[in-house]
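J.: Any chance you could fold what I've pasted below:
(chains A, B, C and D)
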Number of protein chains: 2
Amino acid sequence: MKRIIEEYKAKGFRLTPQRIAVIEYLEGNTTHPTAEDIFIAIKKKHPTVSFATVYNTIQALKDVSGVTEVTIDPARKRYDPNTKVHHHIVCVKCGRIGDVMAEYANELALPKNVLKEFTVIGSHVDFYGVCRGCEN
Amino acid sequence: MKRIIEEYKAKGFRLTPQRIAVIEYLEGNTTHPTAEDIFIAIKKKHPTVSFATVYNTIQALKDVSGVTEVTIDPARKRYDPNTKVHHHIVCVKCGRIGDVMAEYANELALPKNVLKEFTVIGSHVDFYGVCRGCEN
DNA sequence: TTGGCTGCAAAATATTTGCAGAACA
DNA sequence: TGTTCTGCAAATATTTTGCAGCCAA
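T.: Numbering: from 1, shown residues only, chains lettered A, B, ... in the order given. Below you'll find the model as predicted:
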């Protein structure tokens, strides 16, 4: 996440204590937190922090590719600081999201009619399953 | 969509004019409409229809596997009456969502650590691209 | 110093829910 | 006829925005 701080500076973003707290919270975080999760975590160090700041910071991080939005949860947006190519698996019982470190681009051949209509940029796989903890 | 009507009856759901209108609107629909899209469409025939009825009907359809929720759009839920195995591609410029009629389950080998943590049920691929209409 | 950021509050958007009356089966 | 659905309205949840004052650079 050090890289992110450098990119922040390079782009002229300000490194406020709140932003640093968000970056530190996300560093290495594999829980795919929601904006609220981030808000609650940051609040411990900065009790007056607001959602506006959390969303503002998330947006700034997205702008420098410091986080990506995870859309596997239809209820709310989740954020992932892991910028390596990877995919996700969600437990359909508890909603926990796991990372799937794999690269499938070459395996995913598209039908001709799609290739005719779109220039493909990328892809992401959502896996659905049941985690050990929920498998009673 | 005939099947849906049968399953509706079998489960004791009522076939109201509003529900039939939703089913007819969705039948063969490949536009991946939002709840609002459905609401607006149904309103033409049933001007007094409410969002409650639309969401109620969507839920009932989900219960009999008549529609699936599409999560590729982070802004809102979209619905898809196509119950055959397929995937989606979204134009990153206009947001239009296309169907990718393909089956990848066998191509998507999961890392051991994931298989250790989850029993996999299924998967869905989100493709990102630019559609011909948005190119240049 | 100063332009960007924070925090508060309000707004906007999306979805869900309670309930009285309507209507399907 | 009785149970479920509809429609209205209000509630809830999530995310965005306006703006005055603050602060990192």
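J.: going forward, measure contacts and count neighbours with C-alpha atoms only.
T.: OK.
J.: Could you check how far the closest residue to A:H124 other than its chain neighbours is from DNA strand C?
T.: Once flanking residues are discounted, A:H124 sits nearest to B:D126: 5.2 Å by CA to CA, 6 or more residues apart in numbering or on different chains. To DNA strand C, B:D126 is 18 Å away according to CA to the nearest atom of the strand, to the nearest Å.
J.: and stretch A:10-18, how far from the chain's centre?
T.: 20 Å (CA atoms, centre = their mean, to the nearest Å).
J.: cool, and stretch A:2-13?
T.: Distance of stretch A:2-13 from the chain centroid (CA atoms, centre = their mean) equals 18 Å.
J.: Contacts for that stretch next, please.
T.: Stretch A:2-13 has contacts (CA atoms under 8 Å, 6 or more residues apart in numbering or on different chains) with A:14-15, A:60-61, A:64, A:66.
J.: again, but for stretch A:37-57
T.: Residues outside stretch A:37-57 that contact it (CA under 8 Å, 6+ apart) are A:18-19, A:21-22, A:25, A:35-36.
J.: on that earlier part again, mind listing which of the contacts of stretch A:2-13 are in helices?
T.: A:60-61 (DSSP state H).
J.: Narrow the contacts of stretch A:2-13 to those that are buried.
T.: Neighbour-count burial (16 or more other CA atoms under 10 Å in any protein chain shown) applied to the contacts of stretch A:2-13 gives A:60-61, A:66.
J.: Compute the number of surrounding residues for A:E107.
T.: Neighbourhood size, A:E107 [other CA atoms under 10 Å in any protein chain shown]: 12.
J.: List the contacts of it.
T.: By CA under 8 Å, 6+ apart, the residues touching A:E107 are B:107-108.
J.: what are the phi and psi angles of the residue at minimal distance from the centre of chain A?
T.: Note on chain A: the residue nearest the mean C-alpha position is A:D80, at 2.0 Å, using CA atoms, centre = their mean. With angles defined as degrees, to the nearest 10, A:D80 sits at phi -140, psi 120.
J.: With A:V100 instead?
T.: A:V100 adopts backbone torsions of phi -120, psi 100, taken as degrees, to the nearest 10.
J.: ok, it to chain B distance?
T.: Noted for A:V100: a distance of 7 Å to chain B, by CA to the nearest CA, to the nearest Å.
J.: biggest strand in chain A by residues?
T.: Ranked by number of residues, the top strand in chain A under DSSP state E is strand A:118-131.
J.: in chain A, which spans are strands?
T.: Using DSSP E, the strands assigned to chain A run over residues A:68-70, A:78-80, A:87-91, A:97-100, A:118-131.
J.: No further questions, thank you.
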